[in-house]
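In: Predicted model, plus sequence, below.
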6 protein chains.
Amino acid sequence: MRVLAVGAHPDDLEILCAGTLAKYAERGDQVFMAISTNGEVGSPTLPKKEIAEIREQEARTSAAVIGAELHWLGYPDEFLFDNEEVRLKYIDLIRATRPDVVITHDPLHDYHPDHLTTGQLLWNIRVMTTVPNIKTEHPPCAKIPSLYFMDTIAGINFMPEEYVDITATIEKKKKMLAAHESQAAWLKDQYDMSYIKFMEICSGFRGIQSGFRYAECFRRSVTFPAASGRVLP
Amino acid sequence: MRVLAVGAHPDDLEILCAGTLAKYAERGDQVFMAISTNGEVGSPTLPKKEIAEIREQEARTSAAVIGAELHWLGYPDEFLFDNEEVRLKYIDLIRATRPDVVITHDPLHDYHPDHLTTGQLLWNIRVMTTVPNIKTEHPPCAKIPSLYFMDTIAGINFMPEEYVDITATIEKKKKMLAAHESQAAWLKDQYDMSYIKFMEICSGFRGIQSGFRYAECFRRSVTFPAASGRVLP
Amino acid sequence: MRVLAVGAHPDDLEILCAGTLAKYAERGDQVFMAISTNGEVGSPTLPKKEIAEIREQEARTSAAVIGAELHWLGYPDEFLFDNEEVRLKYIDLIRATRPDVVITHDPLHDYHPDHLTTGQLLWNIRVMTTVPNIKTEHPPCAKIPSLYFMDTIAGINFMPEEYVDITATIEKKKKMLAAHESQAAWLKDQYDMSYIKFMEICSGFRGIQSGFRYAECFRRSVTFPAASGRVLP
Amino acid sequence: MRVLAVGAHPDDLEILCAGTLAKYAERGDQVFMAISTNGEVGSPTLPKKEIAEIREQEARTSAAVIGAELHWLGYPDEFLFDNEEVRLKYIDLIRATRPDVVITHDPLHDYHPDHLTTGQLLWNIRVMTTVPNIKTEHPPCAKIPSLYFMDTIAGINFMPEEYVDITATIEKKKKMLAAHESQAAWLKDQYDMSYIKFMEICSGFRGIQSGFRYAECFRRSVTFPAASGRVLP
Amino acid sequence: MRVLAVGAHPDDLEILCAGTLAKYAERGDQVFMAISTNGEVGSPTLPKKEIAEIREQEARTSAAVIGAELHWLGYPDEFLFDNEEVRLKYIDLIRATRPDVVITHDPLHDYHPDHLTTGQLLWNIRVMTTVPNIKTEHPPCAKIPSLYFMDTIAGINFMPEEYVDITATIEKKKKMLAAHESQAAWLKDQYDMSYIKFMEICSGFRGIQSGFRYAECFRRSVTFPAASGRVLP
Amino acid sequence: MRVLAVGAHPDDLEILCAGTLAKYAERGDQVFMAISTNGEVGSPTLPKKEIAEIREQEARTSAAVIGAELHWLGYPDEFLFDNEEVRLKYIDLIRATRPDVVITHDPLHDYHPDHLTTGQLLWNIRVMTTVPNIKTEHPPCAKIPSLYFMDTIAGINFMPEEYVDITATIEKKKKMLAAHESQAAWLKDQYDMSYIKFMEICSGFRGIQSGFRYAECFRRSVTFPAASGRVLP
């Protein structure tokens, strides 16, 4: 199987679905990670260009932990919008990676506009990826991928529909998250706790909800034509 | 696997999930069908006792089509209520059949009070079936079954979350439905169409929604401890 | 009465509300049909310009069945966005047709971004149509039209609030749908069934829900100032 | 047309739908008003029996204003429950009055358990009223009435779907409300305003929402078999 | 201020709101804890009477940690129903404790019927507590208490509206929870973790959501007459 | 405390939250009022430029009643969109006023696109205001303000979560509203009532809901990181 996860910023995928991606990868699925924006506002001290470069490198280090292929889309952090050029870029991302399953942000329940826009974009272009008359670099897909929306940061406004047991991959998840060194200070400052601890509590809580030690959770996109069956690991 | 479907009246299961039950049965699962009420109001001409006996026989004929074991609970039609005696009866139904999966009416979105009460009862006693200090005829279960809510009559107020392809079992579904001869007149009168035609349109519509010729649809009960994974055929 | 229906692509109106439009027309109301986009991606083999011209012609043939006036807006298929120029165009559409009732896509529950944007645009400009300081080709309207949202394709995510009996106009609906010859192959390929059969099942299901042989269904837009009373046929 | 309104306590109908009932009556419809409970807790000073008698008389005086027939069900105030005996009583109420339309409390969004139970009871027994094998004093109905849920007290938790212009009947509504003299003190004490003023503000607000001077508002019960069309005045 | 918390079973309050109760108590408020049922099914080995006595003692030990007064209602575990006798009992509970604030289970979103019934009962009798014509052992209250619904077990189906920082009282919460020794095995068996660890993850997660180290969360009951302002500590 | 209210058009704040703003001001808080658009379509007779100037002056007169500082953003009436330039403008508005609390339109439930866009913009840029790498005229904020959504016009689609008693400031609210002389005719024409009367009914109704003579109502934005506690007066 081929799996594409699309996060708005570097580190979103690590917090919200890295355990599931690691599980896909461990069972032999091909995993792709894409990041919408360049994360250039993610530092209180470094200039935009510098922090963006650091974060891209961190994202590549993280993806390497599970052998995932990283797609860096590079849109300006905090200013992602849905327009024709951007839709074509995301259509081509799907056509380049040809996923059976796409995991991304929930377009309705998240807290950040870049998250909502990323989720909405993937939802919008889902069917278009198969349409020959929409030309992009890669040829049209043969089928529409399944679409899952991942948890929100701190689980705010999110009602889980599906859980994935990530007890066996929690260490890989930690390692992926730890790759985002430049972001550790922010969370330390905000919560007086490490990124790793923050994630452990969230994954532990989702685990308690689903009867596992650690879990991640998702919502499914029921739409036309409706997906059927679960394609989560 | 062991599967228990609980309908409020004779013929509810046939309209709403018989294709799925037939599919479970065909792949070798053990299927149980239970009916909450005696269907005694289901005739404009026959007295209560007589029509109830006819309907029980029809239900047995239908269950026999897929080799399911029928449990006739016999509560008064239109007057099913949730109380201690009734809860104990449903707890013992679960303990007697020991299902991995229970399919019943949606306790929130259906149109008939007996449907709602049946769905609510199964939801209420789900965990209690495993509790030793609640004594009934059969011993406590070792685990809590998964719980699915089936479509409503004519799909009113029902937002499907899961679909089951029943193209291969639609003929068995028709045969099961046809066993309820005593009810054919009612629908003919109400819609000027046969029971079979009515069901074909509903199953065809659910099929169009999910990319199959014929389908049935369900909602999952996300609760504590949360179920995970799909156990539909 | 004057009725304007606005679909995102050629054939949307035929699937979702043509029976109702035919009913309006039969009782003497003036019907207008508008199409947001040019449908240029609607062919796996023909180039954009060619298929767009074919589809416009098909839409005109369909509208002619009920004597409706067709408004072809011509925006690029799959890339309709809400901006000032587009709002002004839709404002002028209302001012040119001066409808008492507008029927369009549901801006919240549909499956396609062009559908959502079309529905949202009509909702957005509803009041603006009466405002003198917004200048377009035609003069401002004297009153705000009532607004109904039509069913979604395959009824996904749609909870009907109003039904219209289309038993008497189902043949005209079929004829209108049949005009879209270029699209027949897509559905045949997707569902192994004809466009007509697809529509018959959907309209038959909505009929079963409402006690008619065939029906179409709608949601009302309750907003400020709130509409009151039903203006469906 | 025949119209039945069912309130939980004496004065509920006056506050929530009397303007609509007056409008039905004025155009020649036959109006029935039924009260579930005896209102015996409705006094800080009078004993149960005495206040109940006073309130029944007040309800009769109010009904007389529009020539409505009053049905006093007499269940104990604050302790109305759904059981077989009570369902049969409400079935017989429908069979005795044979309404085309029933107006009652919303079973989901109201603030008082007697209101919720009254609304739920009417919803529950809707179809049963037509069933010959359920015997009550009066013969079964030939058809299922339409069902509307009226506003809640102070509009809390209520999202209107339909409005009725009661500008022409507001004076009758005031007169009906004024008949409930025994209750005037309670509201005076709670809000330092008269019953009449309280109602004027609520009806005025619903008017502002719908473009009338005064209005009442309703929700429709979309269920199986689904109602179609508006039967409000 | 006077605060009453009502849980369905011994230990529910400890898991869901003990940190908040401890905070109320620490600032000098009078805290009452009431338990609906006797918890008699809460042991896989002990007979009903014996485990019920043990659990009452555990509840008393827990309440003593914060100096709360315990009210043991003693209804049969798993079989709490809403009827006149039970309503009068809960009315008298309010009248005996005269709370400004009541905290209980959410009547809509919880996973256990005893929880739902407890929450519904408190909601139902809220206003009745002030009514003189409803006689119970204690005299009527002068005012209606504010009503908050506490989190659900494992937070399933619960969308928080208010948070309380319990960082300063988490140790007391642990001590209260630890008093329920007889229940420790169940959770150990279900999750392979201690009660304390389970609670720490849940309170830690609610803390992450609200910017505290540990938190508890609540929903408010917006009803008639609507509460205004926050009365949480 | 510092309070910023942002309305889409001149007079929105006066109708929807001026009583609350006056209350903040009276207790010594610093109040800022900002208007997204120039209101240039708000006249049936005057040209755009002229009516816009009049309305700005009216807004200044209104703000002066409570000593609030007015921020006139001047975007074209009816055509406010979310894009990078506009986001930066709203970020700088927050940085210039440095509010503890922001009050604006509900981004989900309002009736006008400019209202929805204003509410969405404030929600979108909430966190960005603190980010150093987003440069605007004023320096970044130290903390994220709390966010409340005010009532909708005529309360349509709005479910209040919080109320503020404005009985003591209703006269100031009237005075502020009266400053918008140019708009009086519109409402007179639409409802045959004065602006003041319109507002009195709405505020009176919200008062009835919350137990005050006059009230305004709000919804809270529960998001990440979640706000806690009430900061309304």
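Out: Thanks, I have the structure now. Residues are numbered from 1 along each chain as shown, chains lettered A, B, ... in the order given.

In: make it CA atoms for all contacts and neighbour counts henceforth
Out: Noted.

In: Could you pull out the helices in chain A for me?
Out: A:12-26, A:48-65, A:84-97, A:113-125, A:170-178, A:184-191, A:195-210 (DSSP state H).

In: Let's have these in CSV, adding mean pLDDT.
Out: Shown next, in CSV, are the helices of chain A (pLDDT from 0 to 100):
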stretch, mean pLDDT
helix A:12-26, 97
helix A:48-65, 98
helix A:84-97, 98
helix A:113-125, 97
helix A:170-178, 97
helix A:184-191, 73
helix A:195-210, 94
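
In: F:Asn38 is nearest to which of the ones you listed?
Out: helix A:113-125 (25.8 Å; CA to CA).

In: near chain F at all, that closest one?
Out: Yes - for helix A:113-125 and chain F, the contact criterion (CA under 8 Å from any CA of the partner chain) is met by A:Pro113.

In: what does that helix contact?
Out: A:6-8, A:36, A:77-82, A:87, A:90-91, A:104-110, A:147, A:149, C:112-113, F:124 (CA atoms under 8 Å, 6 or more residues apart in numbering or on different chains).

In: Equivalent analysis for stretch A:56-70, please.
Out: Under CA under 8 Å, 6+ apart, the answer for stretch A:56-70 is A:10-11, A:21-22, A:25-26, A:30-35, A:38, A:72, A:172, A:175-177, A:179-181.

In: ok now do the residue of chain A positioned farthest from its centre, which residues does it touch?
Out: Using CA atoms, centre = their mean, the residue of chain A lying farthest from its centre is A:Asn133. It sits 28.4 Å away. Contacts for A:Asn133 (CA under 8 Å, 6+ apart) come out as C:Glu40, C:Val41, C:Gly42, C:Ser43, C:Pro44, C:Pro47, C:Lys48.

In: try A:Glu50
Out: A:Glu40.

In: give me that answer again for 7 Å
Out: The contact partners of A:Glu50, taken as CA atoms under 7 Å, 6 or more residues apart in numbering or on different chains, number zero.

In: Please tell me how far whichever residue of chain A sits closest to chain C sits from A:Ile144.
Out: Here chain A gets closest to chain C at one residue, A:Asn133, 4.9 Å apart by CA to the nearest CA. Distance of A:Asn133 to A:Ile144, given as CA to CA, to the nearest Å: 16 Å.

In: got it, and A:Glu181?
Out: On the measure of CA to CA, A:Glu181 and A:Ile144 end up 36 Å apart.

In: neighbour count winner among these two?
Out: A:Ile144 (20 against 13; other CA atoms under 10 Å in any protein chain shown).

In: contacting residues for that one?
Out: Applying CA under 7 Å, 6+ apart, the residues near A:Ile144 are A:Arg126, A:Val127, A:Thr130.

In: again, only using 6 Å
Out: A:Val127 (CA atoms under 6 Å, 6 or more residues apart in numbering or on different chains).

In: For the helices of chain A, give me JSON lines that also has distance to C:Pro139.
Out: Shown next, in JSON lines, are the helices of chain A (distance: least, CA to CA, whole Å):
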{"stretch": "helix A:12-26", "distance to C:Pro139": "51"}
{"stretch": "helix A:48-65", "distance to C:Pro139": "50"}
{"stretch": "helix A:84-97", "distance to C:Pro139": "32"}
{"stretch": "helix A:113-125", "distance to C:Pro139": "35"}
{"stretch": "helix A:170-178", "distance to C:Pro139": "60"}
{"stretch": "helix A:184-191", "distance to C:Pro139": "56"}
{"stretch": "helix A:195-210", "distance to C:Pro139": "58"}
